[in-house]
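Colleague: Sharing a sequence plus its predicted fold:
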Amino acid sequence: QVQLVESGGGSVEAGGALRLSCAASGYTSCTSDMSWYRQAPGKEREFVSLILSSDSRSYADSVKGRFTISRDNFKNTLYLQMNSLKPEDTAMYYCKIRLRWCLGYADVSYWGQGIQVTVSS
């Protein structure tokens, strides 16, 4: 069974930095795209950043230039380096993995349980 476990969240003052990690397990040698989403209280979950199996990356406009997504394929781990944090970055952050032609599925996605990031002004 595929599991995603996020870590690295916490509380920080505006202007500070945090690094989120998402350790994936339960699969091997599969094509995977990995991404980060976030959800603030009372708001819908929104896209933050994506890294494809080709290593192509994309970011939401709100985090571009401040956040950096990366992955370690040997460790099956996804990262999100968050710099120059703002109070509006406060949210629950979720990692997501999309597997293709893996575990008997043509296309399947899994979510982590989420981790809280709080930025105070």
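Modeller: Good, I have the coordinates. Numbers count the residues shown, from 1 in each chain.

Colleague: Surely Leu20 is in contact with Leu4?
Modeller: No: under the criterion of CB atoms under 8 Å, Leu20 is not in contact with Leu4, lying 11.6 Å apart. Backbone N, C-alpha and C define where each C-beta goes, glycine included.

Colleague: isn't Glu57 right up against Ile69?
Modeller: Let me fix one detail, which is that residue 57 is Arg and not Glu. Yes: here Arg57 reaches Ile69: they are 5.5 Å apart, a contact under CB under 8 Å.

Colleague: Buried residues of the lowest-mean-pLDDT helix or strand in the chain, list them for me.
Modeller: Counting by mean pLDDT, DSSP states H and E, the chain has its least confident helix or strand at strand 105-111, which shows a mean of 92. For strand 105-111, a neighbour-count test (16 or more other CB atoms under 10 Å) marks Val108, Tyr110 as buried.

Colleague: CA atoms only: put the following helix or strand past it into CSV for me.
Modeller: Heading C-terminal from strand 105-111, the first helix or strand you meet, by DSSP states H and E, is strand 115-120. Output of strand 115-120 as CSV, limited to C-alpha atoms (Å, rounded to 0.1, in the frame of the first residue of the first chain):
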residue,chain,number,x,y,z
ILE,A,115,1.2,18.9,7.9
GLN,A,116,0.6,22.3,9.4
VAL,A,117,2.6,25.4,8.5
THR,A,118,1.9,28.6,10.5
VAL,A,119,3.5,31.9,9.7
SER,A,120,3.0,34.7,12.2
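
Colleague: sorry, back to before: if I look at Leu20 and Leu4, which residues touch both of them?
Modeller: Shared contacts of Leu20 and Leu4, defined by CB atoms under 8 Å, 6 or more residues apart in numbering, are found at Cys95.
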